[in-house]
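Student: Okay, structure incoming, though there's no sequence with it:
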């Protein structure tokens, strides 16, 4: 065989092997340590904060503040943060390398690490599906029972009792009092659950609204939700329009009414930045905004729909631009954080282990 | 402006054409195109001009002079009936408006098993080992069974006839494009062996840094238009001539592919893709008296698809201990494994002067294994079918070919698909008419699937449907072909009517799915109807001064009832089928000049596609792309051939900079250079 050709053939085979091996995964990241959670045991007590989670940047600051407050109030504890949404957890890990894993992963590791006491703080607002699932399944069934000697303090969500509702109403009324006295309107957005099984939890929103209106003296502050059928945007719209009618303000003059919007959620995350205050999205335009669109699968934010109706949206607390972000979640109010902290103090006093509970 | 260039080129060529046809005293250069043998339309061999069923051919010569970077490049560039819309999930091929689900891809007449999101993995086809590509449009289910509703694309591989042949092709281009193919073939006494190794790589590229994601526009996306990828195939074929009558063969191949996706704004993709295929087959051919023969084939294919994690995924799956499953970087997790056992027996009988009977039976067994994506871990489907087709030469000018296939399917019962074609030859004209019935079985995925993915800018949930019926179609076509020694042209008008088309329909997103940020839920349903009308025109001509010209134009009106958005004004109305464009055209001009020891080829290829229609995320702009290739043949001796190609693709640097999340017309990176070298050594059979 032609020697030249033989050499050429060999050369190209080598070339192809060369290219082939060069094309290995050049991902230079460090190898994953394969620990779903990072436990750093310094104390005998673990304190686990539980929230839905967020991939947005601003809520991270709120979470940091909450963690700080707990560190100050409970100095001899190791504090860990958990999220419940798998998509959010995976994305936050990819973005900042922090593992805010699900509560079950944390509790499993906490149990194995040998903590004597575990404090669980729910950062949920109402005692709804997520809160109950956390306390009954993750904490009681899958942790307390397998680790029956660990003392567990279950610290409740924000609006657990009617006293909580009054306390939160006081704080929020104080925050908005000046605006309300100046003739403005406030609309708050909670999450809510579409399931009728959780009516008792959803009703905390209605009770909060009543308490706020009692403090205010009139119906100028409203609580609506993302997902509780009875109290979605159409409810807010109807109430604000009724307010306008009572004041003798007609549609053409709606701009005289300023509406302040805020999330009734622990953080100003996805719902606040999209469902409440979101701008026009891909394929949307001002002309297409229909303030009376069906509540379910709604395309436009509360802000856009209220603006389309003619109302003025208060600038304070509604700017979602990352450079001028000023949206306030419940966790940003230090007085609200105090309520959660008080719940924890109460829970710690009543902490029991599963064995103790059985013994009672 | 570029449009005028196209028109001017076509006009100029027509002038030359007319001059050429009028001149009959020139030395006739062999018209390679008409002497091409085709097999796909009838399952039996015919010269293209005598084929009872109209067949479009992309010849080996056209492939060679196009010097494409991959199969999609070549098919899209050389046939105006075929378009692509490449993405992470596959090439999104369309044949006369119908997508991969309705196209049957064959290699040497055998189904290509395995797909990525419904798309056949065309990277498995070695471009450098292709003899020609045959495209038969319309339903060909009578011969090939399920899927052949829009048509069949059959890749015919090169068959070695030499005692020893070694060939090596290397192509490199911009963006780290590398394509390498090495084939070693030999024949010794009764044995024949063919060994090949091929490798492909690209670094990929990014045409825009804008991306629409979850309704917002991001300016600094890391998403790539074409991802970095590498793949290779090793295969071995062996055949043994037992006797004058009987030949046995066996083959095996192995394939791997890696596709890398950047992790970052805005999608934060957590994994790359890895694919792997193994194929094994054995078969034989038995020659009987006359030219009658029997063939049998038994094969097993396994195509696996994995996620290679680059970051963690905290899933909602739990293992047998009740512990939550977390995937870590560098985990390789199986997504789907598609296994197929295929057996068939075929006989071709030349009954008398006038009749050729092609008959066969086939058994297909499919199994899909898909952890967490199927209700249950795996699912199977199988079918058995039989077909018979007679080609009847009523007179030496008039042929009627009729066939029927009967199938029994586990999931949905029986199918019965007839086809009839007629061919009438008159002077230099061929007139053909075809009616064929087609079907497509609901795939295992469509029946049993359950998964989540980010498609375009939304996070969606997908569900299968066990009550799906088979999709059915009726295809009608009329064709007129005209041929002279140095010119041929073909016009086909067709209508394809499809019922029970399976498509995704939006259903309400469940509360549980909403908590996982799912924005939309889709379920497979039998969409009411779809229909396509169109006209395909192709021509080839050999002009004076060693110039060859060829090309085509396709007009397409493809519509289906819209079901993906119940709130849309056009819900259940006929809308253009997603991704279809009304006008497609391609032209190729080749000038070949041979000297003593050197042959030069200069070719210009142009491709035009008009606006593509989509119900969501925007229509795409029409565009045209031109390329120039120069081929240099040295050493064209009996033993050694050396060819070098140097060319520029997309000479006018057209780039579609639509943001990700919106549809785009082409993924071309703009003007890019390439070069390839082909070396072939052969020791021919005496």
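Tutor: Good, I have the coordinates. Computed from a predicted model, the values in this text were never measured in an experiment.

Student: beta partners of the closest residue to chain A within the stretch 51-200 of chain B?
Tutor: Using Cβ to the nearest Cβ, the single residue of the stretch 51-200 of chain B nearest to chain A is residue B:180, 4.1 Å away. Where you see a C-beta, it was placed from the backbone N, CA and C, and this is true even at glycine. According to DSSP bridges, the residues that bridge with residue B:180 are residue B:170, residue B:199.

Student: any idea which helix or strand carries residue A:107?
Tutor: When elements are defined using DSSP states H and E, residue A:107 is found to belong to helix A:103-113.

Student: and the helix or strand following that helix, what does it pack onto?
Tutor: Following the chain from helix A:103-113 toward its C-terminal end, the next helix or strand by DSSP H and E is strand A:117-122. If you count contacts as 3 or more Cβ pairs under 8 Å, 6 or more residues apart in numbering or on different chains; DSSP states H and E, strand A:117-122 packs onto strand A:45-51, helix A:103-113, strand A:151-155, helix A:334-349.

Student: right, so those: which one is the most enclosed?
Tutor: Among the helices and strands packed on strand A:117-122, ranked by average contacts under mean count of other Cβ atoms under 10 Å in any protein chain shown, first place goes to strand A:45-51 (a mean of 25).

Student: tell me the angle it makes with helix A:334-349.
Tutor: Using axes from the mean of the first three to the mean of the last three Cα atoms, to 10 degrees, the inter-axis angle of strand A:45-51 relative to helix A:334-349 is 130 degrees.

Student: tell me the mean pLDDT over strand A:45-51?
Tutor: Taken as a whole, strand A:45-51 has an average pLDDT of 96.

Student: how far off helix A:103-113 does that strand point, in degrees?
Tutor: Using the same axes, to 10 degrees: strand A:45-51 against helix A:103-113 is 170 degrees.

Student: ok, strand A:45-51 near chain B or not?
Tutor: No: contact of strand A:45-51 with chain B is not found when judged by Cβ under 8 Å from any Cβ of the partner chain; the minimum separation is 13.2 Å.

Student: The very next helix or strand once past that strand vs chain B: in contact?
Tutor: The helix or strand immediately downstream of strand A:45-51 is helix A:57-73, counting by DSSP H and E. No: interface with chain B: helix A:57-73 contributes nothing (Cβ under 8 Å from any Cβ), its closest point being 12.0 Å away.

Student: So what's the gap between helix A:57-73 and the chain middle?
Tutor: Centroid displacement of helix A:57-73 relative to its chain, using Cα atoms, centre = their mean, to the nearest Å, is 13 Å.

Student: Next, the angle strand A:45-51 makes with that helix.
Tutor: Computed by the same axes, to 10 degrees, the angle between helix A:57-73 and strand A:45-51 is 150 degrees.

Student: Now for chain A, the helix or strand with the poorest mean pLDDT.
Tutor: The helix or strand of chain A with the poorest confidence is helix A:3-22; it has a mean of 56 (mean pLDDT, DSSP states H and E).

Student: Could you give the number of residues near residue 179?
Tutor: Unless you meant another one, I'm taking chain A. Residue neighbour count, defined by other Cβ atoms under 10 Å in any protein chain shown, stands at 19 for residue A:179.

Student: should've been chain B
Tutor: Around residue B:179 there are 24 other residues, counting by other Cβ under 10 Å.

Student: right, and it touches residue B:171 too?
Tutor: Yes: assessed by Cβ atoms under 8 Å, residue B:179 is found in contact with residue B:171 at 4.1 Å.

Student: Which neighbours do the two have in common?
Tutor: A shared contact of residue B:179 and residue B:171, defined by Cβ atoms under 8 Å, 6 or more residues apart in numbering or on different chains, is any residue touching both; here these are B:69, B:676.

Student: thinking again about what came up before, how much space between the residue of the stretch 51-200 of chain B closest to chain A and residue B:678?
Tutor: Remark: distance between residue B:180 and residue B:678 (Cβ to Cβ, to the nearest Å) = 11 Å.

Student: So which of those two has more stuff around it?
Tutor: Between residue B:180 and residue B:678, counting by other Cβ under 10 Å, residue B:180 is the more crowded of the two (24 against 20).
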